[in-house]
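Engineer: dropping the sequence and predicted coords here.
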Amino acid sequence: MPAVSKGDGMRGLAVFISDIRNCKSKEAEIKRINKELANIRSKFKGDKALDGYSKKKYVCKLLFIFLLGHDIDFGHMEAVNLLSSNKYTEKQIGYLFISVLVNSNSELIRLINNAIKNDLASRNPTFMCLALHCIANVGSREMAEAFAGEIPRILVAGDTMDSVKQSAALCLLRLYKTSPDLVLMGEWTSRVVHLLNDQHMGVVTAAISLITCLSQKNPEEFKTCVSLAVSRLSRIVSSASTDLQDYTYYFVPAPWLSCKLLRLLQCYPPPEDGAVKGRLVECLETILNKAQEPPKSKKVQHSNAKNAILFEAISLIIHYDSEPNLLVRACNQLGQFLQHRETNLRYLALESMCTLASSEFSHEAVKTHIETVISALKTERDVSVRQRAADLLYAMCDRSNAKQIVAEMLSYLETADYSIREEMVLKVAILAEKYAVDYSWYVDTILNLIRIAGDYVSEEVWYRVIQIVINRDDVQGYAAKTVFEALQAPACHENMVKVGGYILGEFGNLIAGDPRSSPLIQFNLLHSKFHLCSVPTRALLLSAYIKFINLFPETKSTIQEVLRSDSQIRNSDVELQQRAVEYLKLSSIASTDVLATVLEEMPPFPERESSILAKLKKKKGPGAVSTELEEGKRDGGELNGGAERGVDAAAAIASNASTPSPSADLLGLRSAPPVGSAAPSASSLLVDVFSEAGPTAPSGVMDDNFLRFVCKNNGVLFENQLLQIGIKSEYRQNLGRMYLFYGNKTSVQFVSFSTSVSCPGELQSELNIQAKQVEPQVEGGAQVQQVINIECLADFLEAPLLNIKFRYGGALQNITLKLPVTINKFFQPTEMSSQDFFQRWKQLNLPQQEAQKIFKAKNAMDSEVLKAKLLGLGTALLENVDPNPENFVCAGVIQTKAQQVGCLLRLEPNAQAQMYRLTLRSSKDTVSRRLCELLSEQF
Amino acid sequence: MMRFLLLFSRQGKLRLQKWFTPLPERERRKIVRDMTMMVLARSPRCCSVIHWRDLKIVYKRYASLYFCSALEDPDNELLALEVMHRYVELLDKYFGNVCELDIIFNFEKAYFILDEFLLGGEVQETSKLLVVKSTEESDLLQETMEEYMRKPAF
């Protein structure tokens, strides 16, 4: 029986609930419920009209049964009947039932809406509130259609009671969230803003939630709320703890309202009006000061309410990101919390500091807490707190502390909770790459990662280390040596075998001079792991073996022996068998020259966003990545003269080594789309297909897209209703290879499909281009690929032309395009010091050696975008060279067969004038001019 | 905005469920299962905030009952703890020394009080006096124990 029975308790209900509680088993409970359902059904169907009380009681019982988790398929009509009762308690139960068991039965909705309409019109505030609660609880579209016009009127009417206003405000908010199109802005909107001045604190508290949501969607229309919010906040913050009577919560004046006001202000930039801003800064300072005062109560409610306001204030300070003094104070305050005895505060402080770390004003201040954070990572009992500590270490990492942080994270990994290992591994991998000053450290870190947490090292991570080793020749020998040593361990992780196989297959020769790692020893070491590995790893190892045959002819017979063994050549796995057969044949038939060509060292991978970063972003979900993105942006381009380099090694090796096909390069397509459209170097083919559908093409030479490829190598070159042409290209020294993908967008076959590439005029002697022929038919929906090899003989100005002819439904199509082969593609980046740069700059002082252009910015002058473009150009972006940090300087050498042309570049943005000055100096006047011309169209 | 508020016992029995956004029944059951499993497994020293999907789960234990709320990203966790505390206070003021049984036997009252306090997942009225006053208005028809006992049990 109930301990207390207040109001008009329903005895029958209490008895029923007791019965249910006394049931010994689930079966007994179900039996009791069925009995009750049968009883209620018979009452509802009975001839005798039920009185209001009984109806209410049975409806309430049904509700109870539903809340226990059983289905209810009747009683809705009786509940709707209760709505029109004039007894408050009956009406209330009716509304509760409707709110909990929403039914899409349209007939019923009409009846419900009717009842609501009557109650809204009743002028009885308690009835009106019930109706508004019901609308807010159900929040369906039908209700929005019926009441979205009425509620704003109730909200702003002069004679509406306060309690009704409160319900109306939140009810409208609910409808606006579910059906924004039905809530029309109008004359009421300006009056809603003035509810911030209302005398009744409860009305302000409710209205501000509505105002915040509306401001987010229509900031302009509601911007007067800023000054009102500031003055309201100021009044609360400066009030004594007893001034606000019942709105003071454990000695904290109006914590809910304060937080909501601070949240509203976060929808806007800092106030422009100096007086308003001054007042607000004063408020924020007062809040920070209060945090230092001794508590007025020992109760946790007091400290929670007070700190809730403090955290909200800090969020606002971070949002403004313009008051260095406040940012640093916020950081110090959070620093105190890091050692607080309340776990919640430590957790929230770690989380909040993560965002502070991304502000340039407080990044350094956050870094001072590194030791505390590291100790949190080691000693916190709660895994979710440790997770935040790891996040914060990641966020505060920069060049100065990368080695320490990475080392701590690695050592933490050994004992880390399983649930966060994968993410930790990704973070370590990203930090190690981003802040790698010397690449041997990077290689060590990743190999350690594989050793410690091999199971959690996703493919992206080990692909990435291979990409970097391939692209950096200064680390290849070290990588080979280290991986060779790591493989000595009796039990090493399969991922280590993969990396080892790949790297030794490519660069084993670099350590073969040492008798302790002679070719045969290398091979035997790898092969000793073979039988413990899964099929994909074995396949990779087989490819490594054939590469060994090329690198070390002396291993040929041993390896052929292995390939010839039944366990390989008759392996039940098709892929392994095919590799064994083909590699064996290849090694026995092909001459050393052919073998050397086929098995040549992998070319450097083209630039692409780090697939690891993409994976982390995906893992964290779209909401959580913003800090990561900012991080990436802030430090973009630190690594390798192009932080975002690399492709997936696995695709290359997994596809047959003899036919390297970029179309097998699936992983890149899986990586996340580039960060905004502003990062052209990061785009991959598929992404471009979705983002930029080209216009229908007229005939004649088209070059609209030509300039888009100056700073990037991949993308969609052309698209009309019939045909799409995608492009992927890679360049190395004076050689280039371009893959063209012709996609038939129709369902009909193209016939007589032919393409030709021509070099008009002088270009013939400057470029040597060979295009493989394509099949004359392209099936509907299919894509064919064409490989074009390019050799740069001398510097050039014009672009080669690509002509495509085919018949579609009988009509001849003839398209001519400029192929985006530009002189800058043959750039080799050159790193140099500031002194060298300016010395060479001065040496190239002949007037014709310089080309300069001053032009207006076509796009936003975002320095990260500029960096990305300059890197895409192919030059090295030299940091800390130009005395003015706003300027960019680059250096590179253009490789042609005839000669090498050194080029220096300087780009000076002027943000005020939205102009750039671009200067190029090179040893050849035509090169300077051409580069200047190409580049001036890019910004 | 708060997405949902659940009250469950240490044994995982759901005592109150308030959903501020519409969700299919199946999804609700799954969430309730996830929440009870997740929250009940945590030790008292753990922090009261858990990241779950894109939401922040904030919970607190009062005697045998767990109060568990889900917040959206911008919401304030500490304040959510106090929202739950204020709700406990409101129940307490209404029932007088509230206990789990009060909420079981007078579940409808628990929902009414909640509706006065939170609407659409936002705080509507923080004054204890006002919330309790408006809830008690529904009890104007106070009846005597005799009247109560005279009512039919079925």
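Structural biologist: Alright, I've got the coordinates.
Engineer: please count neighbours and contacts with C-alpha atoms only from this point.
Structural biologist: Fine.
Engineer: enumerate the residues of the stretch 151-300 of chain A near chain B.
Structural biologist: Proximity of the stretch 151-300 of chain A to chain B, by C-alpha under 8 Å from any C-alpha of the partner chain, involves residues A:166-167, A:170-171, A:173-174, A:202-203, A:205-206, A:209, A:246-247, A:255-256.
Engineer: try it again with 6 Å
Structural biologist: Where the stretch 151-300 of chain A comes near chain B, counting by C-alpha under 6 Å from any C-alpha of the partner chain, the residues are A:174, A:202, A:206, A:246-247.
Engineer: what's the most distant pair in those residues?
Structural biologist: A:R174 and A:D246 (26.7 Å; C-alpha to C-alpha).
Engineer: of the two, give the one with the bigger neighbour count.
Structural biologist: A:R174 (26 against 16; other C-alpha atoms under 10 Å in any protein chain shown).
Engineer: and stretch A:868-882, end to end?
Structural biologist: 18 Å (C-alpha to C-alpha, to the nearest Å).
Engineer: what mean pLDDT does it get?
Structural biologist: Averaging pLDDT along stretch A:868-882 gives 84.
Engineer: what sits up against that stretch?
Structural biologist: A:641, A:681, A:711-712, A:827, A:829-830, A:834, A:889-892 (C-alpha atoms under 6 Å, 6 or more residues apart in numbering or on different chains).
Engineer: can you point out the buried residues in it?
Structural biologist: By 16 or more other C-alpha atoms under 10 Å in any protein chain shown, the buried positions in stretch A:868-882 come out as A:868-879, A:881-882.
Engineer: out of these, who's nearest B:T21?
Structural biologist: Using C-alpha to C-alpha, these come closest to B:T21 at A:A868, 42.6 Å.
Engineer: what helix or strand is that closest one on?
Structural biologist: Here A:A868, judged by DSSP states H and E, is contained in helix A:863-873.
Engineer: and which of the buried residues of stretch A:868-882 is nearest to chain B?
Structural biologist: For those, the residue nearest chain B by C-alpha to the nearest C-alpha is A:A868; the value is 31.4 Å.
Engineer: quick one: name whatever helix or strand follows the helix holding A:A868.
Structural biologist: Following helix A:863-873 in sequence order, the next helix or strand is strand A:876-878 (DSSP H and E).
Engineer: centre of the chain to that next one, how far?
Structural biologist: 27 Å (C-alpha atoms, centre = their mean, to the nearest Å).
Engineer: direction included, what does the very next helix or strand once past it pair up with?
Structural biologist: Next helix or strand after strand A:876-878 toward the C-terminus (DSSP H and E): strand A:888-895. Note on strand A:888-895: by DSSP bridges, its sheet partners are strand A:827-829 (antiparallel), strand A:876-878 (antiparallel), strand A:900-910 (antiparallel).
Engineer: leaving out sequence neighbours, find the closest residue to A:T755.
Structural biologist: Excluding the flanking residues, the one nearest A:T755 by C-alpha to C-alpha, 6 or more residues apart in numbering or on different chains is A:I804, at 4.4 Å.
Engineer: what pairs with the helix or strand hosting the one you found, and is each one parallel or antiparallel?
Structural biologist: Using DSSP H and E, A:I804 sits within strand A:801-808. Strands that pair with strand A:801-808, judged by DSSP bridges, come out as strand A:751-758 (antiparallel), strand A:811-818 (antiparallel).
Engineer: list the buried ones in the last one?
Structural biologist: Think strand A:811-818. Buried-residue list, strand A:811-818, by 16+ other C-alpha under 10 Å: A:815-818.
Engineer: would you mind finding the most buried of the strands paired with strand A:888-895?
Structural biologist: The highest average neighbour count among these, using mean count of other C-alpha atoms under 10 Å in any protein chain shown, belongs to strand A:876-878 at a mean of 25.
Engineer: contacts for stretch A:484-503, please.
Structural biologist: Under C-alpha under 6 Å, 6+ apart, the answer for stretch A:484-503 is A:454, A:483, A:541, A:544.
Engineer: ok, what's across the strand from A:F855?
Structural biologist: Beta-bridge pairing of A:F855 under DSSP bridges involves A:Y916.
Engineer: how much space between it and A:P885?
Structural biologist: Taken as C-alpha to C-alpha, the span from A:F855 to A:P885 is 20 Å.
Engineer: now do A:L338
Structural biologist: From A:L338 over to A:P885 (counting by C-alpha to C-alpha), the distance is 35 Å.
Engineer: show me which of those two is the more surrounded one.
Structural biologist: Neighbour totals were compared for A:L338 and A:P885, and A:L338 leads with 23 against 11 (other C-alpha under 10 Å).
Engineer: what is the burial count for the spatially closest residue to the more buried one that is not a sequence neighbour?
Structural biologist: In this structure, A:L338 finds its nearest non-sequential neighbour in A:R346, 4.7 Å apart by C-alpha to C-alpha, 6+ apart. Neighbourhood size, A:R346 [other C-alpha under 10 Å]: 24.
Engineer: phi and psi next, for A:R346.
Structural biologist: Here the main-chain torsion angles of A:R346 (degrees, to the nearest 10) amount to phi -60, psi -40.
Engineer: could you report the pLDDT at it?
Structural biologist: At A:R346, pLDDT is 96.
Engineer: A:I769 now?
Structural biologist: 89.
Engineer: check B:F154 too.
Structural biologist: Confidence score, pLDDT, at B:F154: 51.
Engineer: next: A:C354.
Structural biologist: On pLDDT, A:C354 comes in at 93.
Engineer: how about the helix or strand harbouring it: buried residues?
Structural biologist: A:C354 is part of helix A:343-356 when elements are defined by DSSP H and E. Buried residues in helix A:343-356, counted by 16+ other C-alpha under 10 Å: A:343-356.
Engineer: okay if I get the residues you listed as JSON lines plus distance to A:Y435?
Structural biologist: Shown next, in JSON lines, are the buried residues of helix A:343-356 (distance: C-alpha to C-alpha, whole Å):
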{"residue": "A:T343", "distance to A:Y435": "32"}
{"residue": "A:N344", "distance to A:Y435": "32"}
{"residue": "A:L345", "distance to A:Y435": "31"}
{"residue": "A:R346", "distance to A:Y435": "28"}
{"residue": "A:Y347", "distance to A:Y435": "27"}
{"residue": "A:L348", "distance to A:Y435": "28"}
{"residue": "A:A349", "distance to A:Y435": "26"}
{"residue": "A:L350", "distance to A:Y435": "23"}
{"residue": "A:E351", "distance to A:Y435": "23"}
{"residue": "A:S352", "distance to A:Y435": "24"}
{"residue": "A:M353", "distance to A:Y435": "21"}
{"residue": "A:C354", "distance to A:Y435": "19"}
{"residue": "A:T355", "distance to A:Y435": "20"}
{"residue": "A:L356", "distance to A:Y435": "20"}
